[in-house]
Structures are given as C-alpha cells and as structure tokens.
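Enquirer: Next come a sequence and a model predicted from it.
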Amino acid sequence: MPAAQSQSDTFPRLLRRNASQMGGRPAIREKDLGIWQSWTWAEVHREVEDLAVGFASMGLKRGEKVVIVGDNRPRLYWAMTAAQYLGAIPVPLYQDSVAEEMKFVLEHAGARFAVVEDQEQVDKLMSLRDEVESLDALLYDNSRGMRHYDFPFLKPFEAVQEAGRAFAKENTGLLDQEVAATKGEDIAIMLYTSGTTGQPKGVMLSYDNVIKTAENGAEFEILSASEDVLAYLPMAWVGDNLFS
C-alpha cells in the first residue's frame, strides 16, 4: 500500500492524519441549549480512541456490527469511527423508527452492540432484548431520565471511555494493530434501504466507496478544509456519510 494512501484510505487513518496535521483546528461543533460547543481534531481523536479501546475491552471484534441510533450528535459520529477502529461495522438506524422496524435490522445485521442517543432510544431497544438474541451491550449518550436504569448490559458513554483508558494501559499498541489491519476495500458501513418495496436491504459500502465519492464531490464543488458543513441529513442515509 502506498504511503500516501495509507493515511487516507480509511476513516480511522483519516482521523489520525487530521489530528496530526491540524490538531488545533475545530473538527466538529454542536449547538446545545443555545450554546455552541466545539471540539478540535486532537480532542475528537482522543474521544474516539478512548471509546474504541472501551469497545475492545467489552469484546467487540472485527466484522461485528454496531447499531447507532439518534439525532446527529457528535458522540454518535464518534461511535461510528470508534467501531471502525476495530474493524467493526457501524449500522446507523433512523431515529424515528419504531421498535418493530429496528428489530428487523438488528436481527438481520446480527448486531451485538448498540450506541444510542437517549432514554427514548434505550427504551425501544430494551423492549427488544428478549427477542433479539445477538444484542449484548447497549451504550447511551444522554443520561437524562436514566438514573434508575440499573442493568449490567447498559452503560453510559463516559464509562466505556474510562474503561478504555484503563484497558489501553495493559494493551499498548492494540489500536495501531487494528488500524493497520483495515484496508480501503474493507466494509466501512452498512446502510439499510427504506423498505418501501419489501423488507429493508442492507447495503455494504467500503471505505473506498464512501471516501472516493466524497472526494469527488468536494472536488466538483471546489470545497476545501476551510469550509463549514452542516450535518442535517439523517445519519442512516448514505448522503450524510458522503457529505457530512
């Protein structure tokens, strides 16, 4: 693999490249309660790698699926990339889907992990746990309303990152090995169709599919690293993965 390609043919390598080359520049912003919160590339890099090792400490393996459900929130994007660090495959779902619609995708994908935004999405997936045998762990971002949810399979985002930092001390080089093992031709993400003509169909896109198409779009629109991009499309739609 050419040296130049090795820095930009997967999302984990792209994140590492950006953190190295422009670590102090803003990578992502979110308006929360009327106040803009901002994270630099270096900060996003740390957040994602802590979560990736946290996933590893919980047993997430290469090729396994991680369902992502919620609005366009920074931590949900980070969860997608953290799964990719280990060669796992994120499967974003539409946040307004009812539990029964999510059940089909969970079973079809055989997802072991799910990362969701809030109590609403937690309740949907918890209602399916007895029916979806593959689902082992459920992580959540927003802890509002979750005080009395005491289940061993249910963990807050921060707790998994903390476990990751501890796990990393005993498993140095883990992420380097996993990132090196993933190639541009490998599956980056699995997106499901709307199901208007039957059951939804899982579309598997490689890193080459997504990154090269995004690069072509940026070149056509004459976009540079100085642009601001508004992520308004659903995370489960291919357009968000190409343009955001």
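Expert: Okay, I see it.
Enquirer: Helices of this structure, start to end?
Expert: 3-6, 11-22, 41-57, 74-85, 99-109, 119-126, 157-170, 174-181, 207-220, 238-243 (DSSP state H).
Enquirer: Name the residues that touch the second one?
Expert: Applying CB atoms under 8 Å, 6 or more residues apart in numbering, the external contacts of helix 11-22 come out as 6-8, 27, 41-42, 44-45, 48, 52, 80-81, 84-85, 179, 182, 188, 207, 211, 225. No exception for glycine: its C-beta is placed from N, CA and C like everyone else's.
Enquirer: chain center to it, what's the gap?
Expert: 16 Å (CA atoms, centre = their mean, to the nearest Å).
Enquirer: what do you get for the fifth one?
Expert: On the basis of CA atoms, centre = their mean, the separation between the geometric centre of helix 99-109 and that of its chain is 18 Å.
Enquirer: Export stretch 19-37 to CSV, keeping only CA atoms.
Expert: Only the C-alpha atoms of stretch 19-37 are listed here, as CSV (Å, rounded to 0.1, in the frame of the first residue of the first chain):
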residue,chain,number,x,y,z
ALA,A,19,-5.3,15.2,14.3
SER,A,20,-1.6,15.2,13.4
GLN,A,21,-1.7,17.8,10.7
MET,A,22,-4.4,20.2,12.1
GLY,A,23,-5.0,19.1,15.7
GLY,A,24,-5.8,22.6,17.0
ARG,A,25,-8.4,23.4,14.4
PRO,A,26,-12.1,22.8,15.1
ALA,A,27,-13.4,19.4,13.8
ILE,A,28,-17.0,19.4,15.0
ARG,A,29,-19.4,21.8,16.6
GLU,A,30,-22.8,21.3,18.2
LYS,A,31,-25.3,23.8,19.5
ASP,A,32,-26.6,22.6,22.9
LEU,A,33,-29.1,24.7,24.8
GLY,A,34,-28.3,27.7,22.6
ILE,A,35,-24.5,27.5,23.2
TRP,A,36,-22.1,26.3,20.6
GLN,A,37,-19.8,23.5,21.8
